[in-house]
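> Next input, structure requested:
(one chain, ligands or ions: 2)
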Amino acid sequence: MNQTLSTPGSSSGSATQPPPAREPRESAARNAGLSEPLLQVKGLSKEYSGNARSGRGALRLFDGLDLEVRRGELVAIVGQSGSGKSTLLHMLGALDSPSAGTIYCGPTQVTQLSIREAARFRNEQVGYVWQFHYLLPEFTAQENVAMPLLARGVERRQAMQEAAQWLAETGLADRAAHRPGELSGGEQQRVALARALVTRPQLLLADEPTGDLDGASADLVFGLIERLHEAHGLTSVLVTHNLELAGRCTRTLRLAGGRLVEASQDRSDKDESDKDGAFVPQHHSR
Ligand code: ADP
Ligand code: MG
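Ligands and ions are numbered 1, 2, ... in the order given. Presented below is the predicted three-dimensional model:
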């Protein structure tokens, strides 16, 4: 195990067993700047067929999209609304499948997984954070964080203990017993982040995680993502409209014209909001 959960403030110090050891990650290679790719995406396309009855035209989102993300990278993806950022993250996280192309996450060919294997891949390898927190309102913060562990069959006491530790890591040890409705937007997102990481995924996918937050809360949540990314040797792909936050990532890629381009090659991206309307996904009428 290459990481120690920080436990100060954890409310479950009396629990007997430490979390079980897990496989080490390649943080040494990452620190040496020689890390190998974790994500390898080649020739991706996604087509939605039209529906004559509803008048919806067919849509092709990606045009042979390629992407490579090395272990330990924190990659930002920007692009106008409707360009397919969320769809791309869904495909990286095995929540959706492409019409063509391949996605490898390490040795796993994500695009070849059965429904069962995809569910297992998501539970074991991927942490997901959305713009909206999707916490279950009737459960406490700690129960919400424990949920993915319970789903994989971890015994409740153990799951709750690990959840408490992750809440402590996100600075919310004293909010463990609060329900989502009793938390601020920023706190809800921090709980969602703890829930995404409680299973110790190697890949963190975050879809506009600060999009609903005011400036100060957005900064705090983003800072936390950066810190946890670093501390836990994560590989992270983050969609954002905030170019200042994107600028703090290892790389910024712009999704435009159905492909990803390095934002550094696209210096016209000074103001993200001015780009709206600049890229139109290919709609065909049938
Ligand atoms: P972004 O996250 O960049 O705003 P999305 O990935 O959410 O973009 O959506 C990209 C495009 O794909 C949008 O035009 C959206 O309407 C379309 N789209 C998403 N899901 C479907 C679907 N199930 N059927 C048809 N079109 C879809
Ligand atoms: Mg989106």
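> drop to CA atoms for contacts and neighbour counts, all remaining ones
Noted.
> Provide the count of other residues in contact range of Ala151.
By other CA atoms under 10 Å, the residues close to Ala151 number 11.
> Could you report the distance from it to Val145?
Distance, Ala151 to Val145, using CA to CA, to the nearest Å: 11 Å.
> what's the closest non-adjacent residue to Ala58?
Gly50 (3.8 Å; CA to CA, 6 or more residues apart in numbering).
> right, and that neighbour touches Arg60 too?
No - contact between Gly50 and Arg60 fails when scored by CA atoms under 8 Å: they sit 10.3 Å apart.
> Flag every buried residue along stretch 109-127.
Buried residues in stretch 109-127, counted by 16 or more other CA atoms under 10 Å: Val110, Thr111, Ala118, Phe121, Arg122, Asn123, Glu124, Gln125, Val126, Gly127.
> right, and the pair among the residues you listed with maximum separation?
The distance between the two most remote of the buried residues of stretch 109-127 (CA to CA) is 17.9 Å, for Thr111 and Gly127.
> Look up which helix or strand the spatially most central residue of the chain falls in, please.
In the chain, the centroid-proximal residue (CA atoms, centre = their mean) is Leu205; its distance is 1.4 Å. Leu205 is part of strand 203-207, with elements assigned from DSSP states H and E.
> and that strand, what other elements does it pack with?
Counting contacts by 3 or more CA pairs under 8 Å, 6 or more residues apart in numbering; DSSP states H and E, strand 203-207 packs against helix 85-92, strand 126-129, strand 235-239.
> Packing partners of the last one?
Identification of packing neighbours for strand 235-239 by 3+ CA pairs under 8 Å, 6+ apart yields strand 74-78, helix 85-92, strand 203-207.
> Let me know which of those is the nearest to ligand 1.
Closest to ligand 1 of these, according to CA to the nearest ligand atom: helix 85-92, at 3.7 Å.
> and the next helix or strand after the closest one with strand 203-207, angle?
Later in the chain than helix 85-92, the nearest helix or strand by DSSP H and E is strand 100-105. Orientation of strand 100-105 against strand 203-207 (axes from the mean of the first three to the mean of the last three CA atoms, to 10 degrees) gives an angle of 120 degrees.
> How far away from the center of its chain is strand 100-105?
The chain centroid and the centroid of strand 100-105 are separated by 17 Å under CA atoms, centre = their mean, to the nearest Å.
> What pairs with that strand, parallel or antiparallel?
According to DSSP bridges, strand 100-105 has the following sheet partners: strand 37-45 (antiparallel), strand 108-109 (antiparallel).
> Residues contacting the shortest one, please?
What it means is strand 108-109. Strand 108-109 is contacted from outside by Thr102, Ile103, using CA atoms under 8 Å, 6 or more residues apart in numbering.
> start the count at 421, not 1, going forward
In the new numbering, first residue 421, that becomes strand 528-529.
> per-residue confidence averaged over that strand?
Averaged across strand 528-529, pLDDT comes to 96.
> Equivalent analysis for stretch 498-511, please.
Computed over stretch 498-511, the mean pLDDT rounds to 96.
> quick one on the thing from earlier: need the helices and strands packed on strand 623-627 in JSON lines (columns: distance to Gly677).
Listed next are the helices and strands packed on strand 623-627 as JSON lines, based on distance: least, CA to CA, whole Å:
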{"stretch": "helix 505-512", "distance to Gly677": "12"}
{"stretch": "strand 546-549", "distance to Gly677": "26"}
{"stretch": "strand 655-659", "distance to Gly677": "17"}
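> Using TSV, lay out the ones you listed together with distance to ligand 1.
Shown next, in TSV, are the helices and strands packed on strand 623-627 (distance: least, CA to the nearest ligand atom, whole Å):
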stretch	distance to ligand 1
helix 505-512	4
strand 546-549	14
strand 655-659	8
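> Show me where the chain has its helices.
Secondary structure of the chain (DSSP state H): helices at 447-451, 505-512, 535-545, 561-571, 576-589, 605-617, 635-651, 663-666.
> Let me see the contact set for Asn543.
Asn543 is in contact with Pro568, Arg572, Thr619, Pro621, counting by CA under 8 Å, 6+ apart.
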